[in-house]
Each structure stands twice: as C-alpha cells, then as structure tokens.
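> Sequence plus predicted model, see below.
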Amino acid sequence: MTTGLWELVGAVVAFVLSAVIGRFLIPILHKLKYGQTILDIGPSWHKKKQGTPTMGGIMFIIGIVVATVIAIPCLSIFGDIYEPTGYSYNKEVLMVFVSLGMAVLYGAVGFLDDYIKVVKKRNLGLTAKQKLVFQFAIAIAFVVINAFFGYGDTTYIPFAGTVHMGNFAIIYHIISVIVIVGVVNAVNLADGIDGLVGSETFFVAIFYMIISSIMTSPATGVLSAAVAGGCLGFLLWNFNPAKVFMGDTGSLFLGGIVCALAYSMNMPVILVPMALTYLLEMLSVILQVTYFKITHGKRLFKMSPIHHHFEKCGWSETKIVVVFSAFTIVICGIVTALVILGL
C-alpha cells in the first residue's frame, strides 16, 4: 500500500477524533465552567466571547497523537518505503516520535497555564518567566536527545544538499533552541481570533506533507496529514463564532508541531519561512512595545498582535482568517517551490 493511503488514514482518524471529541468535550468544559476570561485591553466586541470554553486543543492533540500512533506502524508494515538520501526511514520514524513528544510537552505546559487561568478566573496563568523556563527546558531536552542520537551532525539545505555541521554543531543546536522557543511563542501570540491559528496551521501542515513527499520522508508525511486532519476537525467547532477556543493547550502544542515537522525531515532551515505568518504576528508585538517605549506612549499599530490592528480597522474576523490563510498559502507555496528547485 502506498504512503499516500496511510497519510489519508492519519488525516481521517485525526479529523474524526478531533471532531467527535469536541461533541463531548465542549459540554464538559461548560459544566466545569472552564471559560475564557477576556482581557479589558482587548477589542471591546470580544467581551461577548466571555465564558466560551477554552482548553479545546485537547481535541486535536488526542486526534493527532492517536492517528500518528496508528498510521505510522501501519506504514512501516504495509507501506512502500523508500530510503531518503542520507536519512534512513527508521531514523525518521524515531525523529517523528521524539518531535511529537516535544509538541505534547509544550501542550502540557499550555494545559497547566490554561488550568491556572480557569481555576483562578483571570486571564493570567503561568508567569512569563515560568513559561520561558519550561519552554527552553523542553527545547534544550529535544536538541540534546537529537544530538545524542546523532541527528545534529548533518542537516539538509535546499541547493546545498546534506551539510555536515562539524565544529558548528554547538552553534547549530543553540540556534535551534532559540528558534523553537521563538516559533512556539509566535503561534501562541497569533491565537486571538476565531479559526485563525487552526486555519493557518492546516495549510502549513498540507505544505509540509507535500514537501515530505518530495523529500521521501513518509513518516513525516503521515504526521503532517494527521496535523491537517486534527486542525480541520477542531475548526468545525472553532470557526466564527467559536464554540470553543484551543487555549494555550492547543497553541503551544501547534507551535511545537510546526517545529517538529521541519526537524523530523532534518530540514529545519525551512522552519522560519514556513512559520512566517506566526512570526510576523510576534514581530508586530515587539515593534509595538519598542515604539511605545521610544515615543513615550505612541503606538505603531492600533493594537497588537497585528490581527487585532486589522480588527480595529474594521475587518471582520472571517476576513482576517481568509487573508492571513492566503498569505500562509503563498509563503508556504514559495518555500515548497524552492525545495523542489533546490533538490
């Protein structure tokens, strides 16, 4: 059976589980009164979302993990496996599960943050310092495990081929930790509008699946398909008006998985451009804060992250999701084209 079939299985299982779990989880979250508290500094019209259940990321986390655990072993047994150049299939499978584990740990940090928020009924959870400590610890552990198994000795770069790190391995690992934490936080910041992060990550996962096919990385293709299916199942409940929010549980997990997909193909060089939409959201926050301090109170944007700026300009949430998703498609399409040309 072809790899494509098991990618389809992964996508369908993740979609169905995420969608079905939502049917039962949302009423439970309502009953437990695990509702989102809306910040006073946010757009005033967001106040109507007060009390909407959060922690909905549990839905697609379960869907993605179960789908991957089912589909990859089946791919190994029944699939047509071809060895990618300089990167064995067994090595890729191990990398996929290590990377998925990293994403689950980030989701656990998000769950802890959400739990503190809903129990204390305020839109504050873990402190910024606590979050960073956990996030850096997970990223460092991930990089150390990879190095232990020899995954950090080489990396694939389009147009350059397989590059041996040599004496630059330590620098490579340090940069990896910083980039992973940066992307995870960027995805977290981007989650502020119904359906936005779920839609963006759906398309990112689709293009990762295409790239994994080009690079003959079947296990990564299955994980990518599962992520796409899980996001789509969640979006059934998260499209505007959202019946549930993913919370930090979901956004931190998705940040981890976006990183995981690049590293599982041993091609982290594509991570930054694939995550560009999220990173621009984080950049808008940095620019806003910096400009505010330099000008002693003036603002560069009406509100940050940038999606709130467009809200205040009169854009509907649906329009923002469509435009940001289209931008994601264009950027990821360019990255995919460059990977093809760079083979």
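Sure thing, it's come through. Residues are numbered from 1 along each chain as shown.

> What segments of this structure are strands?
Using DSSP state E, the strands found in the chain span residues 154-157, 161-164.

> Pull out the buried residues from the first one.
Same thing as strand 154-157. 154-156 (16 or more other Cβ atoms under 10 Å). In this view, the C-beta of every residue, glycine as well, is placed from N, C-alpha and C.

> Let's see it as CSV, backbone CA atoms only.
Only the C-alpha atoms of strand 154-157 are listed here, as CSV (Å, rounded to 0.1, in the frame of the first residue of the first chain):
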residue,chain,number,x,y,z
THR,A,154,24.1,16.9,9.5
THR,A,155,21.2,18.9,8.1
TYR,A,156,19.6,19.2,4.7
ILE,A,157,19.6,22.6,3.0
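
> how distant is it from the center of its chain?
A distance of 22 Å separates the C-alpha centroid of strand 154-157 from that of its chain, computed with Cα atoms, centre = their mean, to the nearest Å.

> ok so, going back, quick one, which of the buried residues of strand 154-157 has the minimum pLDDT?
Least confident entry in the buried residues of strand 154-157, by pLDDT: T154, with 84.

> What separation is there between H30 and M59?
Using Cβ to Cβ, to the nearest Å, we find H30 at a distance of 14 Å from M59.

> Dump the buried residues of strand 154-157 to a markdown table, plus distance to F207.
Converted to a markdown table, those look like this (distance: Cβ to Cβ, whole Å):
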| residue | distance to F207 |
| --- | --- |
| T154 | 23 |
| T155 | 19 |
| Y156 | 17 |
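
> so what pLDDT did the residue of the chain most remote from its centre get?
Residue farthest from the centre of the chain, counting by Cα atoms, centre = their mean, is H296 at 34.7 Å. pLDDT, H296: 90.

> residues in contact with it?
With Cβ atoms under 8 Å, 6 or more residues apart in numbering as the criterion, no residue contacts H296.

> just to revisit the earlier point, between H30 and M59, tell me which one has more neighbours.
Neighbours were counted for H30 and for M59 using other Cβ atoms under 10 Å; M59 has more, 30 against 15.

> How many residues are close by the closest residue to P305 other than its chain neighbours?
Of all residues not flanking P305 in the chain, E281 sits nearest, at 4.2 Å (Cβ to Cβ, 6 or more residues apart in numbering). Residues near E281, counting by other Cβ under 10 Å, number 25.

> confidence score at E281?
E281 carries a pLDDT value of 97.

> same question, H46
On the pLDDT scale, H46 gets 59.

> do the same with N123
Value for N123, per-residue pLDDT: 59.

> Then V144?
Taking V144 on its own, its pLDDT is 93.

> From V13, how far off is it?
Taken as Cβ to Cβ, the span from V144 to V13 is 32 Å.

> Of the two, which one has the most company?
Ranked by neighbour count (other Cβ under 10 Å), V144 and V13 place V13 first, with 23 against 13.
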